[in-house]
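Asks: how would this look folded up:
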Amino acid sequence: IIEVVPFLVLAVGVDNMFLLVQAYQRATKKGPEAEVEEVVATVFSKVAPSMLLSSTAECTAFFLGALTPMPAVQSFSLFAGMAILIDFLFQITCFLALLTLDAKRQKAGRWDVLFCVKVDTSKGEEDRPAESPGLVFSLFRDYYAPALMNDYVRPLVIALFVGWWTVCACVVPRIDIGLDQSWSMPSDSYMIDYFNAIANDLEVGPPVYFVVKDGQNYDALESQNQVCGAAGCNSDSVVSQIYLASLESDYYHIATTPSSWIDDYFDWLQPTGSPTCCRYYKDDHSEFCNASVPDGGPFSKSPCADCKSTSNTRPNSTQFYEFLEWFLTDNPTADCSKGGHAAYYYGVNYNQSMDPTHVGATYFMSYHTVCKTSHDYTDAYRKAMQIADNITAMLDNGVQVFPYSVFYVYYEQYITMKWLTEKSLLICVSAIFAVTVLLTGLDFLAGLFIILGVLGILVSMFGFMYFWGIPLNAVSLVNLIMSVGIAVEFCAHIVRGYLVNPRPTRFLKAKTTLVDTGSSVLSGITLTKICGIVVLAFSTSQLFQIFYFRMYL
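Replies: Residues are numbered from 1 along each chain as shown. Okay, the predicted model is just below:
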């Protein structure tokens, strides 16, 4: 994401430098000869307020954008704000000095590269060829401005833009949120086949763990019924709610019934099967006798006895903790498949050092359905949170339940992406309005027009995102914030040029401002960026093609 900053700095820096250079070139073509320092000072006094307005608005917007809780946006905002500040300081100090030295070189008749070579400047002014005002300036002056300011064209242009903004505003809620993980790979990467195989060949998706935090009293019958899923358990217990969610897998994205350590523990304790799972040596009741140990065989220490004498009953409080450690260390075998070492050893926080013995946090594992798109992953996380909230409300004892899966850390951000986008852009736009009103002498109308221009560009960006299939995520949000910064450049220079224009009528002010400032903005930002942006279209990285080439274009 930090890769965006050089593009932003280049856009702002080149634009301001074009304004300075072209303003100086136009000033030297008017009136009698004057000292270079005087001309540069006069030009700078006219252009610098516009540079200050745009740079201050951008710096304020970016620095305030760092208030957003998303780390990616915070980093970009801080980097971009500091870069704009340094860029502005460079322009009003170093670049201004270099411009003065180059102007002196030009006035002295020295070549621009081989400045030691001096040409003959003894020709009179009448013998010198007329200097061209520049191609872009001529196009604006002779064709674009007269056509745009036509009495019939102006209302048509306004109607077209209002219609376009209306269409863009209507499709904003339909923009996808997320980032397809295959886009982060080059288009020829072998990982593309891997992601396609996951989407097309697997029956279940990533595992999901519903973690019950410390505080549940598992040795009490009522608390057991709130958790277990066997006969006699509550219909809205932890296991039952996850199981019911798996029956509606298309909605909840839960594919299988959960594995329940407490139900398997109760089955493991039952004195059924031959041999039973829970046994101890008769001559040493503290030592566990695995089901694979032959009873009375030549290698057995002594005959083994069952832990419980009656079946279909749950252990009392003493028995619950007495045999739990044996269950968690018993490896499942052909004789006893219910051993909990493989499945639950790390799923039950069993602490024997506490008095009394205590079971802390535990989890109940299931599997998500196959998630093919970013929307599937985000919705799976959202539905898992919904199930966990329902379980927490059911326990009603202060114990919290939360879900976890390996992909949640990447897709959690998209749950709040819409709110973060609104907050970030609102902060930027509000800061720009406040700064522009302040630096234009409390001219609220000028600030309003700048904000309308910025909002128009921003809404258009959202429209292009929808029509080009660009989803909303941290990368596109950073690009949107960057577009706000560049939009200020476009709008602030033109509005400031209109405010200081000495023409007598609003029509003439708008026309001359469009020619003088608009041509500089076009050549300073638009034309100089096209070459750099077009190169991105040939990148093998889908991320560059989608989020940089398309959005920058």
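Asks: quick check: mean pLDDT across stretch 230-243?
Replies: Averaging pLDDT along stretch 230-243 yields 92.
Asks: show me what contacts residue 198?
Replies: For residue 198, the contact set (Cβ atoms under 8 Å, 6 or more residues apart in numbering) comprises residue 370. The way it works is simple: take the backbone N, C-alpha and C, and place the C-beta from them, glycine included.
Asks: Can you give me the pLDDT of it?
Replies: Reading off the model, residue 198 has pLDDT 83.
Asks: For stretch 143-162, list every residue counted as buried.
Replies: Across stretch 143-162, burial judged by 16 or more other Cβ atoms under 10 Å covers 144, 145.
Asks: do stretch 433-453 as well
Replies: Buried residues in stretch 433-453, defined by neighbour count with 16+ other Cβ under 10 Å: 433, 435-437, 439-440, 443, 446-447, 449-451, 453.
Asks: just stretch 259-269 next, same as before
Replies: Applying 16+ other Cβ under 10 Å to stretch 259-269 flags 259, 260, 261, 262, 263, 264, 265, 266, 267, 268, 269 as buried.
Asks: Am I right that the fifth one falls within a helix?
Replies: It refers to residue 263. Yes - under DSSP: H, G, I helix; E, B strand; the rest coil, residue 263 sits within a helix.
Asks: Hmm, residue 228 and it touching each other?
Replies: Yes - in this structure residue 263 lies within contact range of residue 228 using Cβ atoms under 8 Å: 5.2 Å.
Asks: intersection of neighbour lists for these two?
Replies: Common contact partners of residue 263 and residue 228 (Cβ under 8 Å, 6+ apart): residue 239.
Asks: Please name the nearest non-neighbouring residue to residue 290.
Replies: Of all residues not flanking residue 290 in the chain, residue 330 sits nearest, at 6.6 Å (Cβ to Cβ, 6 or more residues apart in numbering).
Asks: One more: residue 115?
Replies: residue 105 (5.6 Å).
Asks: Off-centre distance for the lengthiest helix in the chain?
Replies: Using DSSP state H to define each element, the chain has its longest helix at helix 36-65. Relative to its chain's centre, helix 36-65 lies at 31 Å (Cα atoms, centre = their mean, to the nearest Å).
Asks: Buried ones in it, by neighbour count?
Replies: 36, 39-40, 43-44, 47-48, 50-65.
Asks: And the next helix or strand past that helix?
Replies: Counting by DSSP states H and E, the next helix or strand C-terminal to helix 36-65 is helix 71-90.
Asks: for the protein, what spans make up the strands?
Replies: With DSSP state E, the ranges of strands along the chain come out as 207-212, 279-281, 284-288, 304-306, 348-351, 358-367, 401-404.
Asks: Can you check which of those strands gets nearest to residue 155?
Replies: Among these, strand 401-404 comes nearest to residue 155, with 56.4 Å by Cβ to Cβ.
Asks: So which residues make contact with the closest one?
Replies: 208-213, 238, 363, 381, 384-385, 387-388, 391-392, 395.
Asks: Filter those residues down to the buried ones, ChimeraX style.
Replies: Paste this into ChimeraX to select the buried members of the contacts of strand 401-404, with burial taken from 16+ other Cβ under 10 Å:
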select :208,209,210,211,212,213,238,363,381,384,387,388,391,392,395
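Asks: Tell me which two in the contacts of strand 401-404 are the farthest apart.
Replies: Top of the distance list for these (Cβ to Cβ): 381 and 395, 21.3 Å.
Asks: give me every residue that touches residue 177.
Replies: Taking Cβ under 8 Å, 6+ apart as the criterion, residue 177 is in contact with 374, 375, 378, 414, 417, 418, 471, 472, 473.
Asks: before we move on, what about residue 264?
Replies: Contacts for residue 264 (Cβ under 8 Å, 6+ apart) come out as 338, 340, 343, 344.
Asks: The first one and residue 267 touch, don't they?
Replies: Looking back up the chat, that one is residue 338. Yes - using Cβ under 8 Å, residue 338 is in contact with residue 267, at 5.3 Å.
Asks: shared neighbours, those two?
Replies: Residues touching both residue 338 and residue 267 (Cβ under 8 Å, 6+ apart): residue 277.
Asks: in the stretch 351-500 of the chain, which ranges drop under the pLDDT threshold?
Replies: In the predicted model, the stretch 351-500 of the chain carries pLDDT under 70 at residues 352-357.
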